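**Student:** sequence first, then the predicted structure, then my questions.
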Amino acid sequence: MIKRSIVGFLLCLIPSLVFAAEIKVGYVDLNKVFNDSQPGIEAKKEFKEKLEKIRKILDEKQDKLKKLKEDLEKKGAMLNEKAREEKENEYKEKLKEYQKQASEFEDELRQKNIEVTNQMLSELRELISKMAKEEGYAVIIEKNEGGVIYLSPSIDITDEVIKRYNDMKLKEAEQKKPVKKENRDGEDP
């Protein structure tokens with residue numbers, strides 16, 4: 001009777017031991033994917049270019065504001081009260097316009113960043129899910145999310161995700177390229 005119980009107990013353990021041995025777990029560092037993948041690098045480059053254009057526009061407006069304020073300070077005492085008041089109001093209006101435009105630009109950049117990030121996350125979720133199914137992963141976790149204290153580098157799939165993401169975006173770009181049409185004589189137009 002005891003022997004049978006032990007055998008039954010061991011038979012119950014075997015599937016769980018086999019199952020535990022077959023679980024494939026991996027993790028991915030999405031920050032690294034965003035920073036090191038070609039789409040991430042290109043997105044940062046575009047964002048930086050847009051930021052530089054905005055900064056240039058705002059710097060020009062800020063320079064005009066400084067000149068207007070300096071002019072007001074230098075000539076303000078020589079102006080009559082009405083003319084000085086008009087100059088002060090003009091300065092205040094231009095300052096409000098500048099602040100409004102700076103705020104709009106900031107909102108625009110924030111929104112663009114959110115859109116690009118969400119697009120990349122969507123593509124990466126799809127890619128990682130496909131990869132998990134193809135390679136038999138039971139679990140893939142994000143390295144930087146809370147609750148993870150230690151992860152072995154042996155289960156890091158970040159570089160593979162970057163490689164596949166780059167390949168996927170390269171294929172998409174190639175498919176979007178226009179195909180050259182040949183003339184009837186077989187020569188390029």
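**Tutor:** Noted; the coordinates are in hand.
**Student:** tell me where the longest helix sits in the chain.
**Tutor:** helix 81-135 (DSSP state H).
**Student:** what's the first helix or strand after that one?
**Tutor:** Note on helix 81-135: by DSSP states H and E, the next helix or strand toward the C-terminus is strand 139-142.
**Student:** contact partners for the residue nearest to K94 when sequence neighbours are not counted?
**Tutor:** In space, not counting the residues next to it along the chain, K94 is nearest to L65; the distance is 5.7 Å by Cβ to Cβ, 6 or more residues apart in numbering. Glycine gets a C-beta too; all of them are placed from N, C-alpha and C. Residues in contact with L65, defined by Cβ atoms under 8 Å, 6 or more residues apart in numbering, are 91, 94-95, 98.
**Student:** could I get the average pLDDT for stretch 161-179?
**Tutor:** Here stretch 161-179 scores 90 as its mean pLDDT.
**Student:** what residues sit buried inside it?
**Tutor:** 161-162, 164-166, 168-169 (16 or more other Cβ atoms under 10 Å).
**Student:** equivalent analysis for stretch 109-125, please.
**Tutor:** 116, 120, 124.
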